[in-house]
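Chemist: Structure of the sequence below:
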Amino acid sequence: MKKISVLILTMIFTIGLFAQETPEVAVEKNVLKVNTLSLLVGTGSVFYERKFTDMISGQLGFGYMNLVFLEDTRFTGLILTPECRFYLRKNALDGVYISPYLRYHRFNVKDTETSNTGSLTSTGGGVVFGRQWIFKKGFSIDFFFGGHYSKANIKAESAEESFDKNLFDGVRPRTGLAIGFAF
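Modeler: Numbers count the residues shown, from 1 in each chain. Predicted structure coming up:
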């Protein structure tokens with residue numbers, strides 16, 4: 001199943017690279033979108049992307065997480081993700097891209113069994129590969145996947161070992177399907 005998924009993703013990006021000999025340049029300069037996949041894990045993510053040149057854009061993502069992990073630990077807080085996107089053709093905002101990014105998490109943590117509370121901060125970064133489509137009426141779809149590394153620190157009022165920060169430590173995948181509007 002994993003090999004089939006990789007093959008399908010490779011085909012999508014190959015078709016995206018070679019589908020047009022001379023792409024129509026997107027006239028839009030901004031895109032506002034919501035990551036629909038993050039909603040599955042209790043996170044609301046909104047992204048604003050701005051075109052800088054024909055091949056480069058910048059994106060800033062804001063997220064709010066309200067997640068119960070392993071039925072006893074609740075994480076609530078903010079996520080900030082700035083990134084720089086390099087489009088492979090001279091058509092920033094509409095095409096295949098590679099994007100290095102940074103990520104910062106700041107959460108309140110509560111163990112529902114012991115009532116311990118604390119805070120978790122996590123910093124990291126990574127690289128994603130993606131394909132964004134902008135349609136004639138301004139509707140946009142952005143599909144991306146890649147990897148992420150982060151390091152987390154927890155400060156608890158008592159018994160720090162009762163919190164598991166492994167969800168935010170180390171190497172993790174990052175995927176998304178964002179739907180929005182270009183203007």
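
Chemist: Can you list the strands that the one helix or strand residue 119 maps to pairs with?
Modeler: Element membership for residue 119 (DSSP states H and E) is strand 117-134. Sheet pairing of strand 117-134 (DSSP bridges) gives strand 95-111 (antiparallel), strand 139-156 (antiparallel).

Chemist: Do me a favour and average the pLDDT over it.
Modeler: Predicted confidence along strand 117-134 averages 94 (mean pLDDT).

Chemist: quick one: buried residues of that strand?
Modeler: For strand 117-134, a neighbour-count test (16 or more other C-beta atoms under 10 Å) marks 118, 120, 122, 124, 125, 126, 128, 129, 130, 131, 132, 134 as buried. All C-beta atoms are positioned from the backbone trio N, CA, C, and that covers glycine.

Chemist: ok, the nearest residue to the fifth one once chain neighbours are set aside to residue 113 distance?
Modeler: Nearest-residue entry for residue 125: residue 102, 4.5 Å, with adjacent residues in sequence omitted and distances by C-beta to C-beta, 6 or more residues apart in numbering. When C-beta to C-beta, to the nearest Å is applied, the distance between residue 102 and residue 113 equals 34 Å.

Chemist: Output the lowest mean pLDDT helix or strand found in this structure.
Modeler: helix 2-18 (a mean of 57; mean pLDDT, DSSP states H and E).

Chemist: Would you report the backbone torsion angles of residue 37?
Modeler: Dihedral pair for residue 37: phi -70, psi -30, per degrees, to the nearest 10.
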